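**Student:** Compute the structure for the input listed below.
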Amino acid sequence: MEVTLRQLIEISPELAPVLREEIHAGRLPAERRPGLAGRPYIIPIEALKKSSLQSLQALGEKAEHLLSLPVANRGKSPWRMPGPEEGGVDWWGVALRMLESQHLMLREVVDLLSREMARRTQGIEKREEEIRELSYKLGQAHQEILRLERQLAAQNLARAE
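**Tutor:** Purely as a prediction, here's the structure:
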């Protein structure tokens, strides 16, 4: 029986670098199969089982087991990751914890931005109030200047008479 490198990587993504290195070093016989999309590496399961690396031997046994299952029992993909009921990792739990963590980080960022926006809004409102006060004082100063000019003009007119 034979499997593709992609199928093996789907079974155990953490072994992808080891698989590629073994293939490129020539320690794991693999051939590029012409006529198939992307010319994938085809690896005999027996070669995996005879490998000097124990992790690759276990991967070969797992691939052989998956290929021996009836198609109906393989699930959606014969190369899916095993769930917690099969002794694998609870990927939904991992994904859920990751999403919760991202949600909390995003909430912290939104809270921080909200506080910063409120602080800036308060600063803008304070400046607006100062500008209104200065505008009022400027208007009073113009009125006082006009009153003093009228008073000065009246005094100058009184002297001229």
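**Student:** And the pLDDT for the residue most central in space within the chain?
**Tutor:** Nearest to the mean C-alpha position of the chain, counting by C-alpha atoms, centre = their mean, stands Gln102 at 8.0 Å. On pLDDT, Gln102 comes in at 93.
**Student:** same question, Arg115
**Tutor:** The model's pLDDT for Arg115 equals 97.
**Student:** Okay, and it sits in which element?
**Tutor:** helix 91-160 (DSSP states H and E).
**Student:** ok, the nearest residue to Val3 once chain neighbours are set aside - contacts?
**Tutor:** Among residues not flanking Val3 along the chain, Ala63 sits closest, at 5.0 Å (C-beta to C-beta, 6 or more residues apart in numbering). To be clear about C-beta, it is placed using only N, CA and C from the backbone, and glycine gets the same treatment. Going by C-beta atoms under 8 Å, 6 or more residues apart in numbering, Ala63 touches 3, 7-8, 11, 45, 48.
**Student:** I'd like these as CSV, with neighbour count appended.
**Tutor:** Formatted as CSV, the contacts of Ala63 follow (neighbours: other C-beta atoms under 10 Å):
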residue, neighbour count
Val3, 24
Gln7, 18
Leu8, 24
Ile11, 18
Ile45, 18
Leu48, 26
